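Visitor: build me a structure from this.
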Amino acid sequence: MSPELPSKDEPPTLALVGLLADLLLKRQWMMATAESCTGGMISAACTDLSGSSNWFERGFVTYSDESKTGMLGVDAALIRKHGAVSDEVARAMAQGAIAHARAQVAVAVTGVAGPTGGSKAKPVGTVWFGFMVDGQLSSEMKCFDGDRAAVRTATLKHALQRLVQLLA
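Guide: Below you'll find the model as predicted:
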């Protein structure tokens, strides 16, 4: 059964965070984020909700390759082989967030927000998501349209929506 998504009258991000908070609190689980292209937007959205310290453990902003390696333990060879924007790195980021936090749930995002940095293989708007929920690792790729702000906002919303679906 899918959770009910916010109505048009509610601020969508805050409503999604509220759903996520309820699902985490019900299980008494904590959450962590590992963010590259969003630069902490997911963490900020989570902590906009009062009482988030009861379910949000920490956020890692790992924009550079070196920070992915240093803060999350992502193997530098993995980044060299597949690129920072890849399934392999998104999954390793999610695993690293769990390994370096007291959390049962993690989301990782790495992508090309633009307007520069895209390629034929990874055009602007390409974002890889890694999710770790109670020991289960999954990932997916989305390609979002729009400018840098639109790509980052779409990434934030998708991360929250998918977390709610995975926990429901």
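Visitor: where do the strands of the chain begin and end?
Guide: Secondary structure of the chain by DSSP state E: the strands cover 31-35, 56-61, 105-111, 126-133, 136-143.
Visitor: how about those in CSV, adding distance to Ser67 and mean neighbour count?
Guide: Every residue, glycine included, has its C-beta placed from N, CA and C. Output for the strands of the chain, formatted as CSV (distance: least, Cβ to Cβ, whole Å; neighbours: other Cβ atoms under 10 Å):
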stretch, distance to Ser67, mean neighbour count
strand 31-35, 10, 29
strand 56-61, 8, 20
strand 105-111, 11, 29
strand 126-133, 16, 24
strand 136-143, 20, 14
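Visitor: save those strands as a markdown table, and put in distance to Ala168 and mean pLDDT too.
Guide: Converted to a markdown table, the strands of the chain look like this (distance: least, Cβ to Cβ, whole Å; pLDDT from 0 to 100):
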| stretch | distance to Ala168 | mean pLDDT |
| --- | --- | --- |
| strand 31-35 | 15 | 98 |
| strand 56-61 | 18 | 98 |
| strand 105-111 | 13 | 98 |
| strand 126-133 | 11 | 98 |
| strand 136-143 | 14 | 98 |
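Visitor: name the helix or strand of this protein that has the lowest mean pLDDT.
Guide: Using mean pLDDT, DSSP states H and E, the weakest-scoring helix or strand in the chain turns out to be helix 12-27, at a mean of 95.
Visitor: could you pull out the buried residues of that one?
Guide: By neighbour count on 16 or more other Cβ atoms under 10 Å, the buried set for helix 12-27 is 13, 15-17, 19-21, 23-24.
Visitor: wait, which of those residues is closest to Gly125?
Guide: Thr13 (19.3 Å; Cβ to Cβ).
Visitor: dump the residue contacts of the nearest residue to that closest one once chain neighbours are set aside.
Guide: Using Cβ to Cβ, 6 or more residues apart in numbering and skipping the chain neighbours, the partner closest in space to Thr13 is Ala45 (5.2 Å). Ala45 makes contact with 13-14, 17, 156, 160 under the criterion Cβ atoms under 8 Å, 6 or more residues apart in numbering.
Visitor: sorry, back to before: quick one, the least confident helix or strand of the chain and strand 31-35 angle?
Guide: 140 degrees (axes from the mean of the first three to the mean of the last three Cα atoms, to 10 degrees).
Visitor: quick one: contacts of helix 12-27?
Guide: 3-7, 30-31, 45-46, 48-49, 51-52, 54-55, 104-105, 156-157, 160-161, 163-164, 167-168.
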